[in-house]
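In: Compute the structure for the input listed below.
(chains A, B, C and D)
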Protein chains: 2
Amino acid sequence: MTPVDIAHKFATRLGTTLDEQAAQQLASIFVRQEVSKGETLLAEGQVARNFLIVEQGLTRQYYYKNGIEVTEHFCCEWEVVYCTDSMLMREPTTLMIEALEDGVVHNVPFDEFRRLCDESPQIMKLYVRLLEDGLVESLRKTDAQRFESARERYETFVRQYPEAARRAPGKHIASYLLMTPESLSRVRAGLL
Amino acid sequence: MTPVDIAHKFATRLGTTLDEQAAQQLASIFVRQEVSKGETLLAEGQVARNFLIVEQGLTRQYYYKNGIEVTEHFCCEWEVVYCTDSMLMREPTTLMIEALEDGVVHNVPFDEFRRLCDESPQIMKLYVRLLEDGLVESLRKTDAQRFESARERYETFVRQYPEAARRAPGKHIASYLLMTPESLSRVRAGLL
DNA sequence: TGACGAAATTGATATAAATCAAGCCATGTT
DNA sequence: AACATGGCTTGATTTATATCAATTTCGTCA
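Out: The predicted structure follows:
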């Protein structure tokens, strides 16, 4: 798949389109990266200078809260991984990115991307759609976490992210769902 | 305070600036509204066609989950109230807006605002900043709700929103903090 | 101002999920 | 093939907070 194809795919997934010029502009800043299982793509304390488009594989974002690992998000094929806080605020990140499978991602340098936004209204629209999507999803997720039992949270997760539910290790799913691996095990066994 | 002053204040709060022309363009679409305590500013099932800038007073956004009322957000002076889901997706809202005090708000019709975004890069920047802010705040809030005890959530809330903490009724603060009014009462008494 | 209804407090009990503690099952290694 | 290692399961116990119930306090309006 060529970078230009990837730019189009990225736009399409967000419900927008790019003409050839914009797609080429955007494609020109992609940095392809092959990643292997277990690899850290963004380490604690680094400033996130890129967001990532996942072409192949599965990533998770996680952080430490009182010493325990909490998974914040999974991304698989054609989803976009970004550490909002660090990237937008240019602060060292506490949210790390890890590859859970071998795969291929495309790094999009954020400063260059923002420069393209100023040059191309189509790319600006793409960015606005990305932010709007992120906001809607984030609010829906918060809502799901309120007032749902462990079992309901698991069921919602399987429905919404079937790929991650199938491919990610249980302990990460458990921390994503704010429950212990023991509780996840019981939910899956139908005991909770 | 004139509409143009309000436009400037709005931009300043978001860390951007508007020149006179942009401020006047923006100000021209504001619709001033005096609100009284208990008044519903957006009812269930309506499509949110505006966002609001609060000049005076306190609002809350809330929805029903399994028949019980859950407060999602408070906004006081110079904060912006918007129902992301309904406004962006043009769907009937489940998230209602209510005034908790007598006050003054300025309605900003979203379609007109988006039209201004296409006309004025400064206003587009303002919108991007609004979305970015919303996203960062939403993610921080989600995080605060994970792994904090009732007491910690209350302490965080008081630190982050001292005005709302002082001015809003306890039962709404309790539902905002995902606890019962009884628990809030015990937290405040230092019993939890 | 007084009285009513809503909100806040306080106490007793119930419950979902965490924690603690083994044991089991895969997977990959020497 | 034996073994170690991490991940998953299962059971017993604990804990934070919800729920239920009974007062007390407060805000609002007649």
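In: Buried residues, the least confident helix or strand in chain A by mean pLDDT. List them.
Out: Among the helices and strands of chain A, helix A:121-145 carries the lowest confidence by mean pLDDT, DSSP states H and E, at a mean of 89. Of the residues in helix A:121-145, A:122-136, A:138-139, A:141-143, A:145 count as buried by neighbour count, 16 or more other Cβ atoms under 10 Å in any protein chain shown. Glycine gets a C-beta too; all of them are placed from N, C-alpha and C.
In: what's the angle from that helix to helix B:121-145?
Out: Calculated by axes from the mean of the first three to the mean of the last three Cα atoms, to 10 degrees, helix A:121-145 forms an angle of 20 degrees with helix B:121-145.
In: Show me what helix A:121-145 is packed up against.
Out: The helices and strands touching helix A:121-145, judged by 3 or more Cβ pairs under 8 Å, 6 or more residues apart in numbering or on different chains; DSSP states H and E, are helix A:20-28, helix A:110-119, helix A:150-160, helix B:84-89, helix B:121-145.
In: end-to-end on stretch A:32-47?
Out: 19 Å (Cα to Cα, to the nearest Å).
In: meant to ask about stretch A:42-53
Out: Stretch A:42-53 has an end-to-end distance of 14 Å (criterion: Cα to Cα).
In: Give me the buried positions along that stretch.
Out: Buried, per 16+ other Cβ under 10 Å, within stretch A:42-53: A:42, A:48, A:50-53.
In: From the residues you listed, pick the one nearest A:N66.
Out: A:L42 (21.3 Å; Cβ to Cβ).
In: hmm, back to that, between the buried residues of stretch A:42-53, which is nearest A:G67?
Out: A:L42 (19.9 Å).
In: So the least confident helix or strand of chain A, near DNA strand D or not?
Out: No: Helix A:121-145 is not in contact with DNA strand D by Cβ under 7 Å from any atom of the strand; minimum separation 13.4 Å.
In: sorry, back to before: any chance of the helices and strands packed on helix A:121-145 in CSV with distance to B:K65 as columns?
Out: Shown next, in CSV, are the helices and strands packed on helix A:121-145 (distance: least, Cβ to Cβ, whole Å):
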stretch, distance to B:K65
helix A:20-28, 40
helix A:110-119, 36
helix A:150-160, 12
helix B:84-89, 14
helix B:121-145, 14
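In: so which of these gets nearest A:T71?
Out: The nearest among the helices and strands packed on helix A:121-145, by Cβ to Cβ, is helix A:150-160 at 11.1 Å.
In: continuing past that closest one, what's the next helix or strand?
Out: Sequence order places helix A:162-167 as the next helix or strand after helix A:150-160, per DSSP states H and E.
In: Quick one: mean pLDDT over that following helix.
Out: Averaged over helix A:162-167, pLDDT sits at 94.
In: And the contacts of the next helix or strand after it?
Out: Downstream of helix A:162-167, the first helix or strand assigned by DSSP H and E is helix A:170-176. Here helix A:170-176 makes contact (Cβ atoms under 8 Å, 6 or more residues apart in numbering or on different chains) with A:60, A:62, A:68-74, A:100, A:154, A:157, A:164-165, A:168, A:180-181, A:183-185.
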